[in-house]
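Peer 1: Have a look; sequence and predicted model below, questions after that.
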Amino acid sequence: MIKAVISAYVLTASCFILPAASAAQESTSHPKTNESSSSKKGSKLDWSNLSPLQQTVLATLESDWSTFSQNSKVKWLKVADRYPTMSSADQERLQRRMSDWSKLPQKDRRLARDNYLSSLQFPPEQKTAAWQAYQQLSEEEKQKLAQQELAKKKTGAVSSPAIQPRPPLNNTSAPPPNSTIK
């Protein structure tokens, strides 16, 4: 569990949540003044209007690009613009993480976001201590923990708090349409 939370935290924080939060913060600190500027920005943010460099850097996100919010697109364009100044190791890590994220099904992305958000309740010192304790486990103990996590996930229960149980659509306890209530 600790490893899953930490790995989800690292993946999500480094690629998506933290930059998205800063982009959202920037957008609230600089409100748009007129409608026409936002429509110009919207067309400028279309995939076909990105520069060749931006398209190359963000190629793994192309299939999802149209579903991103304007703030997310701006954030990713900033990442693409910073890309040439990154070290080759950072470039490789960014590409690998974008690729891994784009391959995740929506359910797993939601779970990673949820894990990240739940990890925020712990202070950094506690997360560091938990990670160090995990690193000191033997390989056998790490495998055992991993198997326990897999067993929890295979129970079929949905672990995302975003999904709420709903009553069935076909309620068999409801009276037939032609019956009268006495």
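Peer 2: Okay, I see it. All values derive from a computational prediction rather than experimental measurement.

Peer 1: if I look at Arg96, how far off is Asp81?
Peer 2: Counting by C-beta to C-beta, to the nearest Å, the gap from Arg96 to Asp81 is 20 Å. For the C-beta atoms, the positions are set from N, CA and C on the backbone; glycine is no exception.

Peer 1: What of Pro52?
Peer 2: From Pro52 to Asp81 the distance is 13 Å (C-beta to C-beta).

Peer 1: So for those two, which sits in the more crowded spot?
Peer 2: Using other C-beta atoms under 10 Å as the criterion, Pro52 and Asp81 rank with Asp81 on top: 13 against 7.

Peer 1: so that one is in which element?
Peer 2: Assessed by DSSP states H and E, Asp81 sits inside helix 70-82.

Peer 1: low-scoring stretches of this protein, by residue?
Peer 2: The chain contains residues with pLDDT under 70 at 1-43, 154-182.

Peer 1: Helices of this protein, start to end?
Peer 2: Per DSSP state H, the chain carries helices over the ranges 2-12, 18-29, 35-44, 52-57, 70-82, 88-103, 106-119, 124-135, 139-153.

Peer 1: For the closest residue to Trp47 other than its chain neighbours, grab the count of nearby residues.
Peer 2: Leaving aside its chain neighbours, Trp47 sits nearest to Trp65 (4.8 Å; criterion: C-beta to C-beta, 6 or more residues apart in numbering). Trp65 has 18 neighbours, counted by other C-beta under 10 Å.
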